[in-house]
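Visitor: Sharing a sequence plus its predicted fold:
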Amino acid sequence: MKSRLVWAVVLVAAIAAFYFATIRPALRETSAKPDHRRINRDFATSFQPPPIPPPPLPEVKMPALNLPPPSVATRRDDPVPAPLEVPIQNGATIDFSTGAPHVRMQGKDKEALDRALRDIAEATKETAFPPRK
């Protein structure tokens with residue numbers, strides 16, 4: 001029975017301490033509010049680091065460029081590159097996979113071209129475009 005009374009007194013004391021330490025000060029109104037703008041301004045000006053000068057730049061000696069003579073350096077007025085001229089050959093395949101045109105003539109190419117022409121003709125035989133009004 002004594003231990004229960006001791007624990008009850010300890011619990012009441014803990015609750016009272018908690019109330020007086022945390023809750024009661026929060027319920028009281030303060031008389032003056034701090035000026036946060038002044039505090040922030042004073043803080044910002046008092047803890048500014050000193051300005052650091054930029055590091056010196058190294059001196060770089062520029063090399064002299066020798067330009068080619070004017071007869072060698074010609075300027076084109078047309079910036080568009082000239083188109084590749086490949087003669088058209090019926091039944092031949094032009095291969096641009098290497099970057100340059102290569103004309104190939106093989107039996108497989110002829111068969112593939114004929115098959116493609118038949119497929120195109122079959123797909124477009126019923127296609128008609130009505131005239132615009």
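Guide: Yep, that arrived.
Visitor: only C-alpha atoms for contact and neighbour calcs from this point on.
Guide: Will do.
Visitor: Report the mean confidence score over stretch 119-133.
Guide: Stretch 119-133 carries an average pLDDT of 87.
Visitor: which residues sit against that stretch?
Guide: Under the contact criterion Cα atoms under 8 Å, 6 or more residues apart in numbering, stretch 119-133 has no outside partners.
Visitor: Next, the distance between the ends of it.
Guide: 32 Å (Cα to Cα, to the nearest Å).
Visitor: Look up how far residue 16 lies from residue 27.
Guide: Residue 27 sits 15 Å away from residue 16, going by Cα to Cα.
Visitor: Who has more neighbours out of those two?
Guide: residue 16 (11 against 8; other Cα atoms under 10 Å).
Visitor: did I read that right, the more buried one in a helix?
Guide: Yes: according to DSSP: H, G, I helix; E, B strand; the rest coil, residue 16 belongs to a helix.
Visitor: what about it, distance to residue 22?
Guide: 10 Å.
Visitor: Can you give me the pLDDT of the residue nearest the centre of the chain?
Guide: For the chain, the residue sitting closest to the mean C-alpha position, by Cα atoms, centre = their mean, is residue 54 at 30.8 Å. With respect to pLDDT, residue 54 has a value of 92.
Visitor: Please apply the same query to residue 76.
Guide: At residue 76, the model reports a pLDDT of 61.
Visitor: Over to residue 60?
Guide: 88.
Visitor: residue boundaries of the strands in this structure?
Guide: 93-95, 102-104 (DSSP state E).
Visitor: State the mean pLDDT of the last one.
Guide: Which is strand 102-104. According to the model, strand 102-104 has a mean pLDDT of 77.
Visitor: can you list the residues that contact that strand?
Guide: For strand 102-104, contacts defined as Cα under 8 Å, 6+ apart pick out 92, 93, 94, 95, 96.
Visitor: Appreciated, that's everything.
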